[in-house]
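*Asks:* coordinates only, sequence not included:
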Ligand SMILES: NC(=O)C1=CN([C@@H]2O[C@H](COP(=O)(O)OP(=O)(O)OC[C@H]3O[C@@H](n4cnc5c(N)ncnc54)[C@H](O)[C@@H]3O)[C@@H](O)[C@H]2O)C=CC1
Ligand SMILES: Nc1nc(O)c(N)c(N[C@@H]2O[C@H](COP(=O)(O)O)[C@@H](O)[C@H]2O)n1
């Protein structure tokens with residue numbers, strides 16, 4: 001494959017929302033799911049998020065368990081996977097937690113429309129990759145990540161990046177933890193926002209695992225490709 005293996009991991013409410021209408025992060029999953037996600041972080045080469053997630057949540061995207069960080073170190077890797085922000089206009093704050101916490105490479109993926117002055121400042125803290133003119137060109141980005149020997153990527157949201165990656169056909173698997181709460185709200189981010197597929201382009205999935213974890217359920221899906229499931 002000329003691109004890395006890519007999966008999305010997200011936690012969503014029983015009504016499919018990633019966060020509230022104010023885009024405020026909520027605790028959807030519990031301790032066991034947190035540990036599962038930490039283990040995934042420890043296993044992948046890179047974690048990718050959209051700039052919307054950085055501006056809303058300011059995540060550090062580090063591996064939290066000292067034991068898991070030690071295992072990575074012993075294998076000759078950095079304590080944390082490469083942390084990638086997809087950020088067309090270079091809006092990433094220079095004091096974002098992703099820069100403050102943990103060792104390891106950070107990548108900011110921008111488009112050619114990003115302001116030169118901000119790019120220079122980001123270059124002091126991260127590797128900046130230019131791909132695309134208005135929006136980041138995701139197929140080009142993942143190709144270039146593969147050339148850097150990044151072979152597995154976990155996309156940790158949010159709603160718009162999930163859409164961008166899925167609609168570009170760049171996702172192999174999806175893991176959704178569905179928690180025991182309703183968030184509601186027509187404007188609350190869902191698992192996949194963006195434009196949405198029209199009827200001839202719907203994306204087909206194959207369920208390969210369903211597991212109860214604490215008060216919720218973890219579903220694992222393989223992405224099968226375009227399918228037309230509209231009942232006429
Ligand atoms: N429950 C969960 O597992 C998670 C929830 N979230 C929630 O998701 C929300 C953030 O989601 P969004 O606002 O949708 O932001 P997002 O994190 O999906 O970032 C979207 C941004 O990515 C950039 N981008 C650049 N090129 C792109 C392309 N080709 N395709 C798509 N995006 C591209 C654009 O600037 C776009 O505005 C927050 O409220 C956060 O709390 C985020 C991560 C995980
Ligand atoms: N897996 C998961 N479960 C939840 O219940 C959540 N609220 C989230 N949220 C996302 O996790 C990221 C936090 O990362 P750090 O702990 O700062 O490293 C952040 O992006 C949230 O949106 N995820």
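*Replies:* Now that the structure is in, tell me what you want to look at. Bear in mind the structure is a predicted one, so any value in this text is a computation, not a measurement. Numbers count the residues shown, from 1 in each chain. Ligands and ions are numbered 1, 2, ... in the order given.

*Asks:* got the residues of this protein near ligand 1?
*Replies:* Residues of the chain that fall close to ligand 1, judged by CB under 6 Å from any ligand atom: 10-12, 18-19, 23, 25, 28, 49-53, 56-57, 86, 88, 135-136, 138, 156-161, 164, 189, 193. The way it works is simple: take the backbone N, C-alpha and C, and place the C-beta from them, glycine included.

*Asks:* can you give me the helices in the protein?
*Replies:* For the chain, applying DSSP state H gives helices covering 31-43, 51-57, 66-74, 97-100, 116-123, 138-147, 159-167.

*Asks:* Now the second one: buried residues?
*Replies:* Neighbour counts over helix 51-57 (16 or more other CB atoms under 10 Å) mark 51-54, 56-57 as buried.

*Asks:* ok, and which of those reach ligand 2?
*Replies:* Among the buried residues of helix 51-57, ligand 2 is touched by 53, 57 when using CB under 6 Å from any ligand atom.

*Asks:* what's the burial count for the closest residue to residue 165 other than its chain neighbours?
*Replies:* Closest residue to residue 165 apart from its sequence neighbours, by CB to CB, 6 or more residues apart in numbering: residue 171 at 5.2 Å. Under the neighbour criterion other CB atoms under 10 Å, residue 171 is assigned a count of 20.

*Asks:* And for residue 39?
*Replies:* If we define neighbours as other CB under 10 Å, then residue 39 has 12 of them.

*Asks:* Alright, I will stop here.
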